[in-house]
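the following block contains a protein sequence and its predicted model.
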Amino acid sequence: MEKRVLFRSSWLPYLLVAPQVAVTVIFFFWPASQAIYYAFQLQDAFGLESRFVGLANFQDLFHDDRYFESFKTTAIFSGLVACSGIGISLVLATMADRVVRGALAYKTLLIWPYAVAPAIAGVLWAFIFAPSIGIVTYALQKLGIDWNWIINGDQAMLLVVIASVWKQVSYNFLFFLAGLQSIPKSLIEAAAIDGAGPFRRFWSIVFPLLSPTTFFLLVVNIVYAFFDTFGVIDATTQGGPATATQILVYKVYYDGVKAADLGGSSAQSVLLMIIVIALTAVQFRFVERKVQY
Amino acid sequence: MVENRPFLTFVAHAVLIAGVVVVAFPLWVTFVASTLTYEQIANVPMPLWPGDQFLANYGQVLTAGSTKGSAAPVSTMLFNSLVMAVVVAVGKICISIVSAFAVVYFRFPLRRFIFWMIFVTLMLPIEVRIIPTFKVASDLGILDSYLGLTLPLIASATATFLFRQFFMTIPDELAEAARIDGAGPMRFFVDVVLPLSRTNVAALFVILFIFGWNQYLWPLLITGQESMYTVVIGIKRMIVGGDAATEWQLVMATAMLALMPPAAVVILMQKWFVKGLVETEK
């Protein structure tokens, strides 16, 4: 799509895009190219010298069991976050679409967690699940469940999933609600006249018509779980216990900043960039041609 | 409503109320904990009704910070967060609205190239270029400064796309009329495009304010001095490890202070928030 009416100037458009281009080049392209450059370099222990080592950093990664472990952790984590987040918000949105009285109040009370920073969400949930003083821990103990996410890897994973989903439900909820409200009422009414009950109507009409929204949210939630949950993890488990919750992004940060392994961390960055590019491509392909029946 | 089924309506309300309660539960516990003494929290189970330490705890964190972890006053951190959120939001809106205007209303060599350049930044989140970006900031000497906190986050592909999309819907007749009346491009931009973009700017501001306020990884890397911490970083520095050593009542008071401003923005500006959220994702 192009405008027919244009303005003419040989210098003005450059001036207008200059600030955006400057920030983009200095803080996006230059660092990204540096990451790619470092990915092929090996630094000595003191960071004084570095030399070109070709694909050695990548080979090390692919021979590193911990890297695959981190891949697996990330897959489990993002799968759990995306599926439970989408499932819960679909149920809530379907119910909110049904009620007449109090709809706005419910909406307001469900969307505010979007405003909470991931790190703060982590702190909140870590507190109520805290091993010695947490209120939920206490309740679980009464039920005979021994809860301590500081030493139990599965429980640590559960904690970060809960905190991440809690924050993301509001986002999914709003998109599902918008999707539900855009379904023509006449379709639902026609089905009701044909004798379809509420559940039948949901599975045969509403759910298929929501598939573009669901697919979009799936991609967004995976991206969220991959990158934005860094704060949740750093504020709670810090990748532990051992490496039970060390997702890829956290490993890049840990290896690069804490362990000062520049080459290894950069090689991981490059692989992550490839993952983001793939995810973004999927997202945009889909935005062009929506999944429809 | 297609038909009247009282039972299903009842179920719907029950599910929604359960959802609201689960969503609000951590907030309530946080608020209650921020009004208790340390001993009350440590004495498991902690009460679920607010205590009388509200003023004491909030006063302490706002003026003096915690005693065991970070000792920076939270009021300074809140100010830093506010500066960061406002500068990032305003900066992003300013640079993207002018670049979108250039891309839509001018034809110039490199136009496509620049458009794609902005587009690609979507694929380079800060998380994948942590160390080199930090190096750039340190080479520029902007560590521990407001400039360093905000400038690297100001480029935004989504805002540029949103404005581009919106400018495409402005009727060509308006630009034609402006040209016939002898208005130059900047005159047209200020008198026609800006006023028309008001609602988009408001919606975007809400989303970007929350984005800026909630930044975590970048401030974590770039701030070394406590006086430059944002509140989201500060809260993490107050948790010193181990349930016994952390002053949870102060951490929880800080958490309330950290989440109230963006939550208030979402609730009070709900209309703009929903519009911004839905449109930036298109």
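The structure has been received and is ready for your questions.

quick one, what contacts B:Pro261?
Shown in contact with B:Pro261 (Cβ atoms under 8 Å, 6 or more residues apart in numbering or on different chains): B:Leu78, B:Ser81, B:Leu82, B:Trp213. Glycine gets a C-beta too; all of them are placed from N, C-alpha and C.

so which of the residues you listed would count as near chain A as well?
B:Trp213 (Cβ under 8 Å from any Cβ of the partner chain).

of the contacts of B:Pro261, buried ones?
Among the contacts of B:Pro261, the ones that count as buried by 16 or more other Cβ atoms under 10 Å in any protein chain shown are B:Leu78, B:Ser81, B:Leu82, B:Trp213.

could you pull up the residues touching the second one?
What it means is B:Ser81. Counting by Cβ under 8 Å, 6+ apart, B:Ser81 has contacts B:Trp213, B:Thr230, B:Val231, B:Val232, B:Ala258, B:Pro261.

let's see 7 Å
Counting by Cβ atoms under 7 Å, 6 or more residues apart in numbering or on different chains, B:Ser81 touches B:Trp213, B:Thr230, B:Val231, B:Val232.

and the last one, by the same measure?
Contacts for B:Trp213 were tallied using Cβ under 7 Å, 6+ apart; they are B:Ser81, B:Ala85, B:Pro261, B:Pro262.

contact partners for A:Leu248?
Listed by Cβ under 7 Å, 6+ apart, the contact partners of A:Leu248 are A:Ser70, A:Phe71, A:Thr74, A:Phe226, A:Gln268, A:Leu272.

in helices, which of these fall?
Those of the contacts of A:Leu248 mapping onto helices are A:Ser70, A:Phe71, A:Thr74, A:Gln268, A:Leu272, per DSSP state H.

how near is the nearest residue to the third one once chain neighbours are set aside to A:Ala267?
Right, A:Thr74. Once flanking residues are discounted, A:Thr74 sits nearest to A:Ile247: 4.4 Å by Cβ to Cβ, 6 or more residues apart in numbering or on different chains. Shown here: A:Ile247 relative to A:Ala267, a distance of 17 Å by Cβ to Cβ, to the nearest Å.

neighbour count: these two, which is higher?
The neighbour count for A:Ile247 versus A:Ala267, taken as other Cβ atoms under 10 Å in any protein chain shown, is higher for A:Ala267 (28 against 25).

can you give me phi and psi for residue 51?
Let's take chain A. phi -130, psi 160 (degrees, to the nearest 10).

that's the wrong chain, I meant chain B
Given degrees, to the nearest 10, the pair of backbone angles that B:Gly51 has is phi -100, psi -160.

what sits against it?
B:Thr35, B:Leu36, B:Thr37, B:Gln40.

ok, the nearest residue to the third one once chain neighbours are set aside - contacts?
With Cβ to Cβ, 6+ apart as the measure, B:Gln53 is the residue that lies nearest to B:Thr37, at 5.5 Å, once sequence neighbours are left out. When the contact criterion is Cβ under 7 Å, 6+ apart, the partners of B:Gln53 are B:Thr35, B:Leu36, B:Thr37, B:Gln249.

measure how buried the last one is and give me the count.
When you say that, I think you mean B:Gln249. Neighbours around B:Gln249, by other Cβ under 10 Å: 27.

return the member of the ones in helices among the contacts of A:Leu248 nearest to chain B.
A:Leu272 (4.4 Å; Cβ to the nearest Cβ).

local confidence estimate at the closest one?
pLDDT, A:Leu272: 87.

I'd say it and A:Tyr253 touch.
No. Between A:Leu272 and A:Tyr253 there is no contact under Cβ atoms under 7 Å: 11.0 Å.

nearest the geometric middle of the chain, what residue?
This is for chain A. The residue lying closest to the centre of chain A (Cα atoms, centre = their mean) is A:Tyr224, at 1.2 Å.

my question was about chain B
Taking Cα atoms, centre = their mean, the centroid of chain B lies closest to B:Ile210, which sits 1.9 Å from it.

these two touch, right, that one and B:Leu259?
No. If you go by Cβ under 7 Å, B:Ile210 and B:Leu259 don't touch, sitting 10.7 Å apart.

chain B contacts on the stretch 151-293 of chain A?
A:166, A:174, A:178, A:188-189, A:192, A:198, A:227, A:230-231, A:235, A:249, A:252-253, A:256-257, A:262, A:265, A:269, A:272-273, A:276-277, A:280 (Cβ under 7 Å from any Cβ of the partner chain).

just the buried residues from those residues, in ChimeraX please.
Buried residues among those (16+ other Cβ under 10 Å), as a ChimeraX selection:
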select /A:166,174,188,198,227,230,231,235,249,252,253,256,257,262,265,269,272,273,276,280
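
touching chain A at all, stretch B:105-116?
Yes. Judged by Cβ under 7 Å from any Cβ, stretch B:105-116 and chain A are in contact via B:Tyr105, B:Phe106, B:Arg107, B:Phe108, B:Ile114.

among the residues you listed, which lie within helices?
Reading helices off the residues of stretch B:105-116 next to chain A with DSSP H, I get B:Tyr105, B:Ile114.

this completes my enquiry, with thanks.
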